[in-house]
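J.: A predicted structure for the sequence below; I have some questions about it.
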Amino acid sequence: MSPRETPPLSAAIDRATGGTRLRRLRQSDWIRRLVRETDVTTNDLIWPIFVRDGDGEPEPVASMPGVFRRSVNGCAEAAREAYDLGIPVVALFPFTQTAQRDETGSQALDPSNLVCRAVRAIKAAVPEIGVLCDVALDPYTSHGHDGLVKDGRILNDETVELLCRQALVQAEAGCDILGPSDMMDGRVACIRSALDGAGFRDTMIMSYAAKYASAYYGPFRDAVGSSGALKGDKRTYQMDMGNTDEALREARQDIAEGADMIMVKPGMPYLDILTRLVDEFAMPTFAYQTSGEYSVIMAAAQNGWIDGDRAMMESLRAFKRAGAAGILSYFSPRVATLLR
């Protein structure tokens with residue numbers, strides 16, 4: 001066979017593929033980057049931050065390696081770090097001491113509570129960054145549920161009334177985006193009406209439209225101090241993991257009620273839900289990479305079972321590939337640093 005002749009196997013492959021060799025576009029880093037269909041940038045990131053009372057150094061969350069509870073001033077410093085890294089939004093979640101919790105979650109309505117103080121501190125330090133606040137009672141209730149409880153039943157309408165008041169105190173503190181995560185029916189419409197009536201027409205709502213009753217929330221509950229408080233489970237108001245069409249109904253209702261953005265939580269186990277919502281509504285749709293998802297990757301990386309940075313980036317690209325407009329992730333500052 002002369003040097004210019006095609007080997008028989010290569011000729012057979014060319015006939016089978018029509019001469020198209022897909023590996024040509026994978027042979028070097030530069031060509032892989034050039035033809036990449038989806039990617040993650042710092043603009044896609046929302047950094048969830050836990051705020052605690054008191055001063056001093058950040059307190060590590062044992063079940064979330066690399067994640068800390070921060071003082072109010074520490075949250076402002078973290079927001080500055082986020083802004084410098086190009087992260088557009090931080091999300092705040094409070095660690096509430098047991099002594100401050102009660103049956104009705106009254107701390108949620110206090111304009112001087114941890115979240116409101118942290119919002120004001122962040123806006124004073126870094127006015128250019130966006131702040132997302134959680135609208136739900138579970139960080140403040142002694143029973144650990146997202147709503148009021150009577151005779152073992154979660155009360156929907158009575159809870160929504162309190163959520164509207166919680167939303168207003170957060171908006172008054174300077175919050176840019178409210179994230180109702182409680183999964184009570186009708187809460188988006190009522191919050192939107194309350195905001196508009198109080199003059200907060202520009203305050204946005206990112207509804208947790210499809211929030212599933214999941215095993216992946218455990219470390220988060222440790223971080224906010226509600227894991228030991230929770231009595232029973234949340235399956236009467238969070239979604240059943242076997243349902244997909246129900247997610248469409250939830251999202252459709254929240255959009256009709258005035259949500260500006262919607263969210264799927266957890267993220268990775270529900271990529272199919274994320275894609276269905278994006279395809280159905282063409283609405284800015286976000287994924288929450290939950291505490292459990294984060295801790296699974298971190299634990300495996302710390303044991304040397306996987307490459308942590310590669311697994312981290314692969315997980316975030318999966319959200320983008322599925323259609324996410326952005327991702328709430330505890331990896332956000334680490335990702336932003338790598339991207340730089």
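T.: That came in fine, so what should we check first?

J.: now do Arg276 against Asp245, distance only.
T.: Per CB to CB, to the nearest Å, Arg276 is found 9 Å from Asp245. Yep, even glycine has a C-beta here, placed from its N, CA and C like the rest.

J.: contacts only, for Ala247.
T.: Neighbour list for Ala247: Ala209, Ala210, Met239, Val264, Ile273, Arg276, Leu277 [criterion: CB atoms under 8 Å, 6 or more residues apart in numbering].

J.: looks to me like it is in a strand.
T.: No: Ala247 sits outside any strand when classified using DSSP: H, G, I helix; E, B strand; the rest coil, being helix.

J.: and it, how far from Ile273?
T.: Computed with CB to CB, the distance linking Ala247 and Ile273 is 5 Å.

J.: joint contacts of the two?
T.: Common neighbours of Ala247 and Ile273 (CB under 8 Å, 6+ apart) are Ala210, Val264.

J.: contacts for stretch 68-77?
T.: Contacts with stretch 68-77, where a contact means CB under 8 Å, 6+ apart, come from 49-56, 58-61, 78, 90, 92, 95, 114, 117-118, 121-122, 124-126, 223.

J.: please check the contacts of Ala247 and keep the buried ones.
T.: Ala209, Ala210, Met239, Val264, Ile273, Arg276, Leu277 (16 or more other CB atoms under 10 Å).

J.: ok, now which ones touch the residue nearest to the third one when sequence neighbours are not counted?
T.: The spatially closest residue to Met239, leaving aside those adjacent along the chain, is Tyr212, at 4.6 Å (CB to CB, 6 or more residues apart in numbering). Counting by CB under 8 Å, 6+ apart, Tyr212 makes contact with Gln238, Met239, Asp240, Met241, Lys265, Pro266, Tyr270.

J.: how about 10 Å then?
T.: Taking CB atoms under 10 Å, 6 or more residues apart in numbering, we find Tyr212 in contact with 183, 234-235, 238-243, 246-247, 264-266, 269-270, 273, 290.

J.: show the buried residues in these.
T.: Taking 16+ other CB under 10 Å as the criterion, what is buried in these is Met183, Lys234, Gln238, Met239, Ala247, Val264, Lys265, Pro266, Pro269, Tyr270, Ile273, Thr290.

J.: out of the contacts of Tyr212, which are inside helices?
T.: If you go by DSSP state H, the contacts of Tyr212 have Glu246, Ala247, Ile273 in helices.

J.: in JSON lines: the residues you listed, plus pLDDT and distance to Gly304.
T.: Formatted as JSON lines, those follow (pLDDT from 0 to 100; distance: CB to CB, whole Å):
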{"residue": "Glu246", "pLDDT": "98", "distance to Gly304": "40"}
{"residue": "Ala247", "pLDDT": "98", "distance to Gly304": "37"}
{"residue": "Ile273", "pLDDT": "98", "distance to Gly304": "33"}
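
J.: reformat those residues as JSON lines; add distance to Ile255.
T.: Shown next, in JSON lines, are the ones in helices among the contacts of Tyr212 (distance: CB to CB, whole Å):
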{"residue": "Glu246", "distance to Ile255": "15"}
{"residue": "Ala247", "distance to Ile255": "12"}
{"residue": "Ile273", "distance to Ile255": "15"}
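
J.: which one of the residues you listed sits closest to Gly218?
T.: The closest of the ones in helices among the contacts of Tyr212 to Gly218 turns out to be Ile273 (CB to CB; 20.6 Å).

J.: who's in contact with the closest one?
T.: 209-210, 212, 239, 243-244, 246-248, 250-251, 264-267, 285, 287, 322.

J.: so of those, which ones are in strands?
T.: Counted as lying in strands by DSSP state E, out of the contacts of Ile273, are Ala209, Ala210, Val264, Lys265, Thr285, Ala287.

J.: closest one of those to Leu85?
T.: Distance to Leu85 across these (CB to CB) is lowest for Ala287, with 19.9 Å.

J.: next structured bit after the lowest-mean-pLDDT helix or strand in the chain?
T.: Using mean pLDDT, DSSP states H and E, the weakest-scoring helix or strand in the chain turns out to be helix 8-17, at a mean of 86. Using DSSP states H and E, the next helix or strand after helix 8-17 towards the C-terminus is helix 29-35.

J.: specify the beta-bridge partners of Val89.
T.: Bridge pairing for Val89 (DSSP bridges) gives the partners Ile46, Gly130.

J.: burial measure for it, as a count.
T.: Counted with other CB atoms under 10 Å, residues neighbouring Val89 total 22.
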